[in-house]
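Peer 1: the sequence and its predicted three-dimensional model are supplied below.
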Amino acid sequence: LVGNDYGGEVQAGRYDALNGLFLRGDGKGSFTAQSMASSGFYVPGNAKGLAQLTDSKGRELVIATQNRGKLCVFRNSKPATSLRLRPTDASALLTFVDGKKQKVEFSYGSSFLSQSARTLLVNPQVKAVEITDSRGHKRQEFNSVNLVGH
């Protein structure tokens, strides 16, 4: 999370109490705030947005912007496979090795004045990915043995 705002009214002053916050999920819907020292996530200043991209090796990058400040780039240390989405892809159904399933919906823009890359990051615990496009057509992109079509 980022979210300072230096553009408030003169009488109110700056909204300047957040230097970024990383929330770690437990996979069951609960999150725990992580300290800056343990997460390495530090975005001081007039932070305006976050975007998710992938580098040339398919690793997840999180880019944080700051108005009139430095661009902050963070790389996820956990391994993941990056699947490039097609322009009309709408959602994916992920099937995990333990049999659980998760639906992920795709958008064109995820925060204030920013747009994340159209990629799906798939961690090693996912054995299959079924992608559905905006017309309801489905395709398999990933299976338990290897990556198909990547």
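Peer 2: Received, thanks.
Peer 1: residue ranges for the helices of this structure, please.
Peer 2: Secondary structure of the chain (DSSP state H): helices at 36-39.
Peer 1: so for it, the centremost residue is which one?
Peer 2: residue 52 (4.7 Å; C-alpha atoms, centre = their mean).
Peer 1: mind checking pLDDT for residue 79?
Peer 2: With respect to pLDDT, residue 79 has a value of 68.
Peer 1: next: residue 56.
Peer 2: pLDDT, residue 56: 78.
Peer 1: could I get the phi/psi values of it?
Peer 2: Main-chain torsions, residue 56, degrees, to the nearest 10: phi -60, psi -20.
Peer 1: tally of neighbours for it?
Peer 2: Applying other C-beta atoms under 10 Å, we find 5 residues neighbouring residue 56. All C-beta atoms are positioned from the backbone trio N, CA, C, and that covers glycine.
Peer 1: quick one: it and residue 33, what's the gap?
Peer 2: Distance of residue 56 to residue 33, given as C-beta to C-beta, to the nearest Å: 32 Å.
Peer 1: check residue 61 too.
Peer 2: To residue 33, residue 61 is 22 Å away according to C-beta to C-beta.
Peer 1: repeat that for residue 65.
Peer 2: 22 Å.
Peer 1: more crowded one of the two?
Peer 2: Set residue 65 next to residue 33 and count neighbours by other C-beta under 10 Å: residue 65 wins out with 21 against 10.
Peer 1: what bridges to the residue nearest to the centre of the chain?
Peer 2: Residues in a beta bridge with residue 52, per DSSP bridges, are residue 62.
Peer 1: now residue 83
Peer 2: Beta-bridge pairing for residue 83 (DSSP bridges): residue 120.
Peer 1: per-residue confidence for it?
Peer 2: Residue 83 is assigned 86 on the pLDDT scale.
Peer 1: what's the answer for residue 15, then?
Peer 2: What the model reports for residue 15 is a pLDDT of 73.
Peer 1: could you do residue 128 as well?
Peer 2: Looking at residue 128, its pLDDT is 92.
Peer 1: same deal with residue 72?
Peer 2: Per-residue confidence for residue 72 comes out at a pLDDT of 91.
Peer 1: neighbours of the nearest residue to it once chain neighbours are set aside, how many?
Peer 2: Using C-beta to C-beta, 6 or more residues apart in numbering and skipping the chain neighbours, the partner closest in space to residue 72 is residue 64 (4.1 Å). Using other C-beta under 10 Å, residue 64 has 24 neighbouring residues.
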